[in-house]
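**Student:** pasted the sequence and its predicted model underneath.
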Amino acid sequence: MADWREDAPLLTISVAAGLAGMHPQTLRQYDRLGLVEPRRTRGRGRRYSMRDVYRLREVQRLSQEEGVNLAGIKRILELERALEDAREENERLRVQADPGQRIFAADPTGDVVAVPRGTRVRRVSASSSGAMVLWRPRSRG
């Protein structure tokens, strides 16, 4: 069965260009500039996903309707990607912080890490490389 997910690289450059309303040469230029990063076949041919087509349409909209130059568009797309990454990290941390499920500790580098409940945590001293408990949620009940 075919993979029809939004991020499946199924479209050739001519098909993606047609769906985005652009010339294939424009897609090649956007690829060189890093605005859109299609996947490659073994023969180095470009394969675009529908997500890439949506991104191409957004590049075109920002350029034509908003008057943003390509360098500005690239920065906007980078910031949107960083925001999405931050949202995903926030969600991951929210799930980790479920009260009663995790204990938070500092690893040897000082980063805060979640330690599964029931894991013994060693205190950090000048000569050890364990972790020190920073916060433990109150147990319910």
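**Tutor:** Alright, I've got the coordinates.

**Student:** which SS state does the residue nearest to the spatial centre of the chain fall under?
**Tutor:** Nearest to the centroid of the C-alpha atoms of the chain, with distances taken as C-alpha atoms, centre = their mean, sits residue 85, at 4.4 Å. Here residue 85 is recorded as helix under DSSP: H, G, I helix; E, B strand; the rest coil.

**Student:** contact partners for residue 97?
**Tutor:** 104, 114 (C-beta atoms under 8 Å, 6 or more residues apart in numbering). Quick note: C-beta positions are derived from backbone N, CA and C, even for glycine.

**Student:** ditto for residue 5
**Tutor:** residue 49.

**Student:** now do 10 Å
**Tutor:** Residues near residue 5 by C-beta atoms under 10 Å, 6 or more residues apart in numbering: 49, 50, 51.

**Student:** do residue 54 as well
**Tutor:** 6, 19, 20.

**Student:** burial count for the last one?
**Tutor:** This means residue 20. When neighbours are counted by other C-beta atoms under 10 Å, residue 20 registers 24.

**Student:** show me what contacts it?
**Tutor:** Taking C-beta under 10 Å, 6+ apart, one finds 11, 26-27, 30, 36, 48, 52-60 in contact with residue 20.
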